[in-house]
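Q: please find the sequence and the predicted model below.
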Amino acid sequence: MHKILSALAIAVLTIGFTVSTAAPASALTGTEKLGCSVTPSPTQPNPTPKICTNKMAASSYTADFQVLNERGPYSYAWSVPAGYSILSGCTSALDYCIINNLVSVQQVSVSVTITQAGQSATLAASAIINAYCGSVPCPQ
C-alpha cells in the first residue's frame, strides 16, 4: 500500500510540475492593424505601409496591404475582390498582400482574418487611387 501511495504522489507531483511549467499560449493583442501603401507600378510599395493613396500621376499603381503590430505567429485568410491582379503574398502564411495594375479613380478594399491561438480578428483597409491632372490631383 505504501508503494502505491508513493507512486501516486510522484505521479501527482509530475503532472502538477508539467502543468505549472507550461508556457502560456499567445493570443491576439487587439493592436493589430491592416496598413496600406500605394506606389506607381512596377515599383513595390514600402514594406511597412502607412499611406493608402497615390501621391503622384502614373499609368498604374501597386498597393501593399500588410498586417502591422504583430506579436507571435499568426495564420492569415486574405479576401481580395475578384478581378484584381495579385503580385505577391495573399497566402495563409504571409502577413502581406500586394496588388498591382490599379488605375486612377479606383478603390480596392482588402480584408484579412488573422488567427492566433484559436482567436480570430478581421482587419480591413482600402487603397484609393485618385485621378491626376498633370502633376496635381484633379478637382473632385
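A: Perfect, thanks for sending it. Numbering: from 1, shown residues only.

Q: now do the helices in this structure.
A: Using DSSP state H, the helices of the chain run over residues 2-21.

Q: show me where pLDDT drops low in it?
A: Judged by pLDDT under 70, the chain has its weakly predicted residues at 1-26, 44-50.

Q: this protein: strands as residue ranges?
A: In chain order, the chain shows strands spanning 33-40, 61-68, 75-79, 85-89, 96-102, 106-116, 119-129, 132-133, 136-137, with DSSP state E as the criterion.

Q: any idea how far residue 126 is from residue 115?
A: Between residue 126 and residue 115 the computed distance is 22 Å (CB to CB, to the nearest Å). Yep, even glycine has a C-beta here, placed from its N, CA and C like the rest.

Q: likewise residue 91?
A: The span separating residue 91 from residue 115 equals 14 Å under the rule CB to CB.

Q: shared neighbours, the two?
A: When contacts are counted by CB atoms under 8 Å, 6 or more residues apart in numbering, residue 91 and residue 115 are jointly contacted by residue 76.

Q: residues contacting the residue nearest to residue 134 when sequence neighbours are not counted?
A: What sits nearest to residue 134 in space, not counting adjacent residues and going by CB to CB, 6 or more residues apart in numbering, is residue 57, at 7.1 Å. Shown here is residue 57, whose contacts under the criterion CB under 8 Å, 6+ apart are 132, 134, 135.

Q: redo those as CSV? Include distance to residue 77 and neighbour count.
A: Supplementary listing: these in CSV, determined by distance: CB to CB, whole Å; neighbours: other CB atoms under 10 Å:
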residue, distance to residue 77, neighbour count
132, 34, 15
134, 41, 7
135, 39, 7
